[in-house]
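[1] sequence below, structure please.
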Amino acid sequence: MNLSQWSLIHQIVCKQGTGCLSWNPSSVSTPLLAVGSNDVRDIAGTAVQLFEFSEASKKWIKVQNLPGVDGPVRDIAFAPNPGRSYHLLAVAAKEVYIVQLIPTSNGGGETGGQTKFDVRHPGHFDDHNSQVWRVAWNATGTVLASSGDDGHVRLWKANYMQAWSCFADIPGATKSKSGPSQSSFQLQDPSHQPKQQSFSSSIQLDQTSKALREFNSLA
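    This is a model prediction of the structure:
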């Protein structure tokens, strides 16, 4: 195997501009690919498309569009699946969307049938009050991070009732005359009301990922 040379083995035609995609990381389900459209035209129901690999035809087949997501989509990410019976997909668009995909029929195997999904929206949020650009999950798929034009990173988590809410807000670092760049973050309760205790620390710009890892440990 020559890793310096790659050849085209599959091509998926989406029929509209595409700006992001994400593989389903589950090792026990049929290969699934989510594709987000960056088309500025607001075409209802086509901003996110799901494709599934068929073992019978050896081709990627469109399964369905995801309703309820307004484009353009800037980022998309499947959550790691440690054993859930459904898939979680995060979408960065005008808002933060969390989409639940529950398989209602099996497909993609030797029979060539397509998997059907019950699409649910356990959460979509406009807390950034601006374009959302990036979404990323922690290693267990229990905490979602989002960033937007407001300069904030927000962390999201579901409670025991599977109701999602923002539990932490990390504002962008600002320059200080007396020292290094300052960054602070604040824990929030499910009703989005700040707790009495807040934490502030001096964090260099290149240490933002360290702060996120600290929050991931809360999962």
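
[2] spatially central residue for the protein, please.
    The centroid of the chain falls nearest to Ala90 when counting by C-alpha atoms, centre = their mean (2.7 Å).

[3] ok, Val40 to Leu50 distance?
    From Val40 over to Leu50 the distance is 22 Å, taken as C-beta to C-beta, to the nearest Å. Where you see a C-beta, it was placed from the backbone N, CA and C, and this is true even at glycine.

[4] the two: which is more packed in?
    Between Val40 and Leu50, Leu50 has the larger neighbour count (other C-beta atoms under 10 Å), namely 22 against 9.

[5] next one: phi and psi at the more buried one?
    Main-chain torsions, Leu50, degrees, to the nearest 10: phi -110, psi 130.

[6] can you give me the helices for this protein?
    For the chain, applying DSSP state H gives helices covering 208-216.

[7] by mean pLDDT, flag the weakest helix or strand of it.
    The weakest-scoring helix or strand in the chain, judged by mean pLDDT, DSSP states H and E, is strand 199-202 (a mean of 36).

[8] find me the pLDDT at Phe125, would you?
    On pLDDT, Phe125 comes in at 94.

[9] gap between it and Ser57?
    Relative to Ser57, and taking C-beta to C-beta, Phe125 is found at 39 Å.

[10] and those two? which has more neighbours close in?
    The residue with more neighbours, out of Phe125 and Ser57, is Phe125; 17 against 10, by other C-beta under 10 Å.

[11] grab the nearest non-local neighbour of that one.
    Leaving aside its chain neighbours, Phe125 sits nearest to Val96 (4.7 Å; criterion: C-beta to C-beta, 6 or more residues apart in numbering).

[12] do Leu33 as well
    Nearest in space to Leu33, with sequence neighbours left out and distances taken as C-beta to C-beta, 6+ apart, is Phe51 at 4.5 Å.

[13] quickly list what the one you found is bridged to.
    Leu33, Lys62 (DSSP bridges).

[14] contact partners for it?
    Ile12, Leu32, Leu33, Ala34, Val35, Trp60, Ile61, Lys62, Val63 (C-beta atoms under 8 Å, 6 or more residues apart in numbering).

[15] mind listing what the fourth one touches?
    Contacts here follow C-beta under 8 Å, 6+ apart; on that basis Ala34 touches Leu21, Ser22, Asn24, Val48, Gln49, Leu50, Phe51, Leu66, Ile76, Phe78, Leu89.

[16] so which of the residues you listed would you say is closest to Asp150?
    Ile76 (20.0 Å; C-beta to C-beta).

[17] how many residues are close by that closest one?
    Number of residues near Ile76 (other C-beta under 10 Å) recorded here: 25.

[18] give me the distance from stretch 136-147 to the chain's centre.
    Centroid separation between stretch 136-147 and its chain, computed with C-alpha atoms, centre = their mean, to the nearest Å, is 7 Å.
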